[in-house]
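>>> Provided below for reference: sequence and predicted model.
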Amino acid sequence: MNATTVGVDLAKSRFEVAVADGEFRIQRRARLTRLQFARFFGNHPHSLILMEACGSAHHWARTLQAQGHEVQLLPAQHVRAYVKRNKTDAADAGALIEAARCAEIRPVPVKSIDQQTIQQLHRLRSQCMGTRTARINFLRGCLREFGISVPVGARRGIDAVRQALASADNGLPDLLRPLIEEALAEIACLEQRSAHLERELARLTRADPIVHALMNIPGIGLLTATALRAAIVDIQRFASGRHLASWLGLTAREYSSGEKRRLGRISKRGDVYLRTLLIHGARAVLNASLGAARRGRTLDRLRTWALATEQRCGYNKATVALANKLARIVWATWKYQRPFDGNWTLRTVAA
């Protein structure tokens, strides 16, 4: 590498910088404030800048790229192995330069402003739904203390709480009734906010052909398609569908040595939110397939495979296996720009 390499340990207000030569030997170190950091690279010759893929990394990557620098965001969990002795900001900056020498560490693509906007909308919606669930669980536990049973399920639970408020002789204290009504109003407000965020996601991705192609896959709706679009960025960085499924933590964890190969549960590495969306979508597809099979309807190859897996391995394992297959279908649909076909085989391409 002929260009100058700079390792940057990001922080809220103080940035540690390590400048190395073409042989990765550190020649200079500096500790800069935010203002000094922006000026430093504004006057610095064009370089390869290395940062961990952490908070504010994509913002600074876009800023430095606009100044003509080449920026690589390295996964933080892989950089950690190169920290020598004690962990300090200077050691972290030096570890980035050491990690850049490893060709097996693949950088994280820099996200655009639109992609980060989509991610933040998803996180806001996730917080709204989490708060809504917490409020419903509180009301369920509160009414149980007075002998009132609330059924499982968000919608059924809210309806049961409203019925309990409408009844005057169920033992619920009058002091709690207005407070429970306020909690129900808060839940309704959270649901409206969540619906608004979903409309914003649909508006932002209305002209995105990849999102629309992914939404044609069973179990992939607006939320899953937009979340995958914002998180993956570039599907070409995955060599196969298995690589994408492994990145999502949907492949088996391996414990192997010598001639003994042991495959355990899924690794659960990667983005928990994406994996959860895919598993929920797979569960919906499996439930619909079970219902269609009971009614005697004809199923495509994908759904037939899902039912056969459910009979062989059980419901939960079949759900995760179907989520793995959906991740592979997402990769093929996105990479080859072809519509979903539930009966697709290699012979389909030959024909």
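Yep, that arrived. If you're wondering where the values come from, they're calculated on a predicted model, not measured in any experiment.
>>> can you show me the helices along the stretch 101-250 of the chain?
Counting by DSSP state H, counting those that start in this stretch, the stretch 101-250 of the chain has these helices, from start to end: 113-144, 154-166, 177-204, 209-215, 222-232, 241-247.
>>> what bridges to Arg28?
Judged by DSSP bridges, the bridge partners of Arg28 are Val19.
>>> quick one: His58 from Val71, how far?
Plainly put, His58 is 10 Å away from Val71 if you go by Cβ to Cβ, to the nearest Å. Placement of C-beta: from N, CA and C, glycine included.
>>> which neighbours do these two have in common?
Common neighbours of His58 and Val71 (criterion: Cβ atoms under 8 Å, 6 or more residues apart in numbering): Val110.
>>> tell me if Glu16 really is in a strand.
Yes: using DSSP: H, G, I helix; E, B strand; the rest coil, the assignment for Glu16 is a strand.
>>> can you pull out the low-pLDDT segments for this protein?
Along the chain, segments meeting pLDDT under 70 span 1-3, 346-351.
>>> run the last query once more with 80
1-3, 344-351 (pLDDT under 80).
>>> what does the domain assignment say about it?
Domain assignment of the chain by automatic domain parsing yields the ranges 5-99, 113-204, 209-350.
>>> tabulate those (CSV), appending distance to Pro107.
Below are the domains of the chain laid out as CSV (distance: least, Cβ to Cβ, whole Å):
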stretch, distance to Pro107
domain 5-99, 4
domain 113-204, 16
domain 209-350, 9
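>>> closest to Arg106 out of the ones you listed?
Nearest of the domains of the chain to Arg106, taken as Cβ to Cβ: domain 209-350 at 6.6 Å.
>>> just to revisit the earlier point, now mean neighbour count too, for the domains of the chain, in CSV please.
Formatted as CSV, the domains of the chain follow (neighbours: other Cβ atoms under 10 Å):
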stretch, mean neighbour count
domain 5-99, 17
domain 113-204, 14
domain 209-350, 16
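>>> of all these, which one comes closest to Ile105?
With Cβ to Cβ as the measure, domain 5-99 is the member of those nearest Ile105 (4.9 Å).
>>> what's the end-to-end length of that closest one?
When the termini of domain 5-99 are compared using Cα to Cα, to the nearest Å, they are 12 Å apart.
>>> flag every buried residue along stretch 97-114.
Across stretch 97-114, burial judged by 16 or more other Cβ atoms under 10 Å covers 97-100, 107-111.
>>> can you lay out these as CSV showing distance to Ala308?
Shown next, in CSV, are the buried residues of stretch 97-114 (distance: Cβ to Cβ, whole Å):
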residue, distance to Ala308
Ile97, 51
Glu98, 49
Ala99, 44
Ala100, 47
Pro107, 40
Val108, 37
Pro109, 37
Val110, 42
Lys111, 39
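>>> among those residues, which two are most distant?
The widest separation within these (Cβ to Cβ) is 25.3 Å, between Glu98 and Lys111.
>>> surely Ala100 is in contact with Val8?
No: the pair Ala100 / Val8 is not scored as a contact, 11.9 Å apart, by Cβ atoms under 8 Å.
>>> who touches both of those two?
Common contacts of Ala100 and Val8 (Cβ under 8 Å, 6+ apart): Leu50.
>>> need the contact partners of stretch 143-151.
139-140, 157, 160-161, 164, 170-173.
>>> hmm, try it at 7 Å
With Cβ atoms under 7 Å, 6 or more residues apart in numbering as the test, stretch 143-151 has contacts from 139-140, 157, 160-161, 164, 170-172.
>>> arrange those residues in CSV, one row each, with distance to Arg193 as further columns.
Listed next are the contacts of stretch 143-151 as CSV, based on distance: Cβ to Cβ, whole Å:
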residue, distance to Arg193
Leu139, 19
Arg140, 22
Gly157, 19
Ala160, 23
Val161, 20
Ala164, 25
Asn170, 31
Gly171, 33
Leu172, 28
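>>> which one of those is nearest Ala213?
Comparing the contacts of stretch 143-151 against Ala213 with Cβ to Cβ places Gly157 closest, at 36.4 Å.
>>> OK, contacts around that closest one?
Gly157 is in contact with 136, 140, 150-151, counting by Cβ under 7 Å, 6+ apart.
>>> so what's Gln116 closest to, chain neighbours aside?
Using Cβ to Cβ, 6 or more residues apart in numbering and skipping residues adjacent in sequence, the residue nearest Gln116 is His58, 6.0 Å away.
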